[in-house]
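**Q** Sequence first, then the predicted structure:
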Amino acid sequence: MSVTIGLIGCGAISRKHLKTIANIASVQLTAVSDVDDDRMSEAVERYRTLTGEQTSIAKLNDYKALIKRKDVDAVVVSLLSSMHATVAQEALKAGKHVMLEKPIALSLQDTDELINLQQLTNNVVLVCHQLRYRPVFQKIKWLMDEGITGKPYYGTASLKIHRPESYYSSAAWRGSWEKDGGMLVNQGIHLVDLLIWLLGDIHSVYGQLARYLPFKETEDVASGILHFKNGAKAVIDANSITLPNNLGYELTLIYDKATISIKGGFDRLERCFVEGHPEIEKELNLLMNDTREHEYMYEDFINALKSTKPVKMPCIEGKKAFEAIAGLYLSHIKNKATPFPIENFSTLDMKGSC
């Protein structure tokens, strides 16, 4: 029996979800919601083209009407960032399971309320940090957990991308602290999540921001130093003003028995040395070719709905990357390191900060 899906938000990010839903036999799209009729129609036609079937799919301007439908088992929330937590909470209260795009929320209060509600309802919530499902990163995590890489020492996460004025002018919410949340929250959070997942839990964060472009209020440059509970250190180096176009991403992990570095669009293994295990380089190179992480993420979600097995990326894990970025942002405001855990933070606190 198929799991029926309602898609809330038919913008650019929804296309990846539609493609994945169409490719998985055990799920079926039954409803979409968006304030824009044309986007809804485009999403429905895209799904029908991908599946080759003229399936009946409801189109609703009000997402609350979608949440109430009996032919929807789970919702995919792919709205602007400021609506993530609110819509996810409303869906949980209506008895739905939730696949939630990143970031989990734009405040720690909303994050904690969502975590508490998920535990109260016991419905499934999966936060879309899909890179955790990419096989090459799954393998690196396994090597770390098994002690093969040894103790974590140091990591770097680098994001060098280009976002022109047209990117921000095409959607009014982009570049605002209230609805977008910041460059690191929007574009850098996957890298930050991998850094934490593969090195450990954070003890404290120091960070500085800079903004140079006048047509937005969020940061163009973010620099951060992370200190982990296990003694490891890491550096975040991120900007969205690299000219003339994207230069790419880099994640480098250094342990006492291993150095692993991935660059480009996470498509190039720059270095893999694991002491006593030369065969691992070949294995990781083979795994680099498998980029079906979105499908694996959906499979994890569906398996959790059909069993008591928890998802690999629950709310409490989705909080970690946002809290790390919150720590960096707070450090910029206070000009001193932010100790963890953080009690209160909202991206609204960042207005006028850079």
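**A** That came through, no problem. Keep in mind that what you see is a predicted model, and the values were worked out from it rather than measured.

**Q** How much space separates the nearest residue to residue 58 once chain neighbours are set aside from residue 21?
**A** Excluding its sequence neighbours, the residue lying closest to residue 58 (Cβ to Cβ, 6 or more residues apart in numbering) is residue 31, at 4.1 Å. Bear in mind the C-beta positions are built from the backbone N, C-alpha and C, glycine included. Computed as Cβ to Cβ, to the nearest Å, the residue 31 to residue 21 distance reads 12 Å.

**Q** coming back round to it: the residue nearest to residue 58 should be in a strand, yeah?
**A** Yes: judged by DSSP: H, G, I helix; E, B strand; the rest coil, residue 31 forms part of a strand.

**Q** Verify the contact between it and residue 57 for me.
**A** Yes: the criterion here is Cβ atoms under 8 Å, and residue 31 meets it with residue 57 at 6.3 Å.

**Q** So these two - more neighbours on which side?
**A** Using other Cβ atoms under 10 Å as the criterion, residue 31 and residue 57 rank with residue 31 on top: 24 against 18.

**Q** residues touching the more buried one, list them.
**A** 6-7, 57-60, 66, 69, 71-72 (Cβ atoms under 8 Å, 6 or more residues apart in numbering).

**Q** give me that answer again for 6 Å
**A** 6, 58, 66, 69, 72 (Cβ atoms under 6 Å, 6 or more residues apart in numbering).

**Q** Adding neighbour count, write these out as a markdown table.
**A** Putting these into a markdown table (neighbours: other Cβ atoms under 10 Å) gives the following:
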| residue | neighbour count |
| --- | --- |
| 6 | 26 |
| 58 | 17 |
| 66 | 25 |
| 69 | 18 |
| 72 | 24 |
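
**Q** from these, which is closest to residue 176?
**A** Within these, the smallest distance to residue 176 is 25.7 Å, found for residue 66 (Cβ to Cβ).

**Q** Next, give phi and psi for the closest one.
**A** Main-chain dihedrals, residue 66, degrees, to the nearest 10: phi -70, psi -40.

**Q** And the helices in this protein?
**A** 14-23, 37-51, 63-67, 84-93, 108-121, 135-145, 165-169, 183, 189-199, 279-287, 293-306, 315-334 (DSSP state H).

**Q** Mean neighbour count, the ones you listed: which tops it?
**A** helix 183 (a mean of 26; mean count of other Cβ atoms under 10 Å).

**Q** chain center to that one: distance?
**A** 13 Å (Cα atoms, centre = their mean, to the nearest Å).

**Q** who's in contact with it?
**A** So helix 183 is in contact with 218-219, 240, going by Cβ under 6 Å, 6+ apart.

**Q** Go again with 10 Å.
**A** Here helix 183 makes contact (Cβ atoms under 10 Å, 6 or more residues apart in numbering) with 159, 161, 163, 175, 189, 209, 211, 216, 218-222, 238-241, 325.

**Q** How about stretch 90-97?
**A** Residues contacting stretch 90-97 (Cβ under 10 Å, 6+ apart): 3, 5-6, 8, 63-64, 66-70, 72-77, 88, 98-100, 114, 117-118, 120-126, 301-302, 304-305, 311.

**Q** Just the pLDDT at the spatially closest residue to residue 201 that is not a sequence neighbour, thanks.
**A** In this structure, residue 201 finds its nearest non-sequential neighbour in residue 229, 5.0 Å apart by Cβ to Cβ, 6+ apart. We have a pLDDT of 98 for residue 229.

**Q** And stretch 2-13, what's buried?
**A** In terms of neighbour count (16 or more other Cβ atoms under 10 Å), stretch 2-13 has its buried residues at 3-10.

**Q** what about the residue nearest to residue 201, how many residues close to it?
**A** Neighbours of residue 229 using other Cβ under 10 Å come to 11.

**Q** which ones are touching the residue nearest to residue 182 when sequence neighbours are not counted?
**A** For residue 182, ignoring the flanking residues on the chain, the nearest one in space by Cβ to Cβ, 6+ apart is residue 218 at 4.5 Å. By Cβ under 10 Å, 6+ apart, the contact set of residue 218 is 168, 174-178, 180-186, 209, 211, 240, 347, 350-351, 353-354.

**Q** how close does residue 218 sit to residue 150?
**A** For residue 218, the distance to residue 150 - Cβ to Cβ - is 38 Å.

**Q** Kindly report the same for residue 73.
**A** Counting by Cβ to Cβ, the gap from residue 73 to residue 150 is 44 Å.

**Q** Can you pick out the residue with more neighbours from these two?
**A** Higher neighbour count among residue 73 and residue 150: residue 73, with 20 against 15, using other Cβ under 10 Å.
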